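S.K.: Coordinates for the following, if possible.
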Amino acid sequence: MIWVVVILAIAALVYLPGLWVRQVMRRYSEPGDRYPGSGGQFAAHLLQGLGMSHVAVESTAQGDHYDPVAKVVRLSPDNFEGRSLTAVTVAAHEVGHALQDHEGYTPLALRTRLVAVAAHGEKIAALLLMLLPILAILSRSPVAALLIPLAIVGSVGLSTFVHLLTLPTEMDASFARALPLLQEGGYLREGDLPHARRLLKAAALTYVSASLMSLLNLGRWLAVLRR
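M.R.: You can find the predicted model right below:
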């Protein structure tokens, strides 16, 4: 019975933040014509005002994000074309990331480098996991067998670290960058500020579920390797 409660608690901890984020985003996506310009137009306006007209704004099916390598703010079709409070606020959040990049915000730069390293690390770890059992049998070397858990923990651990580093970066983009832009520019309609704060929190917590899932995955692998 205790294990059932523990499992349910962990499942709630992992999945509830994501459910809350989606609920908040949906809630303020209506009415869809609350603002005169679309999220894409608003992002371009903010970038121009910040002297970052070199940063492009695009629609994407891959989810709202800023690409620091290509220097592009990418918004989902609903937020790129929509004129809701959600569209405007999410656009400001992603411009916040562009501003971080422009100002040389260290956590974002570190995350960008680590994402590339983690992607290569996951590929190498997957290759090792396929090859090492064969090599261990052929060579009968204990060293080859030891490399298997190291490859697993190294790959999953790096991914977990990247997710954890994402959290303060997201909070900074929302509350140190996007919120001042919205407030000082007077862009929000009367009464929308508290709702925009909630949306900015939701935008910042988008990666929380991934972070918790990554930690859970790392713990699962460590538990398996201890057996």
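
S.K.: CA atoms only for stretch 85-99 - export them in CSV, please.
M.R.: Output in CSV follows, covering the C-alpha atoms of stretch 85-99 (Å, rounded to 0.1, in the frame of the first residue of the first chain):
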residue,chain,number,x,y,z
LEU,A,85,-3.4,37.2,-24.1
THR,A,86,-1.6,33.8,-24.3
ALA,A,87,-0.2,34.6,-27.8
VAL,A,88,1.1,38.0,-26.7
THR,A,89,2.6,36.8,-23.4
VAL,A,90,4.3,33.8,-24.8
ALA,A,91,5.8,36.0,-27.6
ALA,A,92,7.2,38.3,-24.9
HIS,A,93,8.7,35.3,-23.0
GLU,A,94,10.5,34.0,-26.1
VAL,A,95,11.7,37.5,-26.8
GLY,A,96,13.0,37.4,-23.2
HIS,A,97,15.3,34.5,-24.3
ALA,A,98,16.5,36.5,-27.3
LEU,A,99,17.3,39.4,-25.0
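
S.K.: Show me what counts as buried in stretch 40-55.
M.R.: For stretch 40-55, a neighbour-count test (16 or more other C-beta atoms under 10 Å) marks Gly40, Gln41, Phe42, Ala43, Ala44, His45, Leu46, Leu47, Leu50, Met52, Val55 as buried. Placement of C-beta: from N, CA and C, glycine included.

S.K.: which residues are contacting the helix or strand that contains the fifth one?
M.R.: If I follow you right, that is Ala44. Assigned by DSSP states H and E, Ala44 belongs to helix 39-49. If you take C-beta atoms under 8 Å, 6 or more residues apart in numbering as the criterion, helix 39-49 is touched by 35, 37, 53, 55, 57, 59, 73, 75, 79-83, 87-88, 90-92, 94-95, 98, 181, 185, 187.

S.K.: just stretch 93-103 next, same as before
M.R.: Stretch 93-103 is contacted from outside by 43, 46-47, 50, 52, 55, 64-66, 68, 71, 73-75, 108-109, 169, 172-174, 176-178, 181, 200, 203-204, using C-beta under 8 Å, 6+ apart.

S.K.: Once you drop chain neighbours, what's closest to Val21?
M.R.: Ala202 (4.5 Å; C-beta to C-beta, 6 or more residues apart in numbering).
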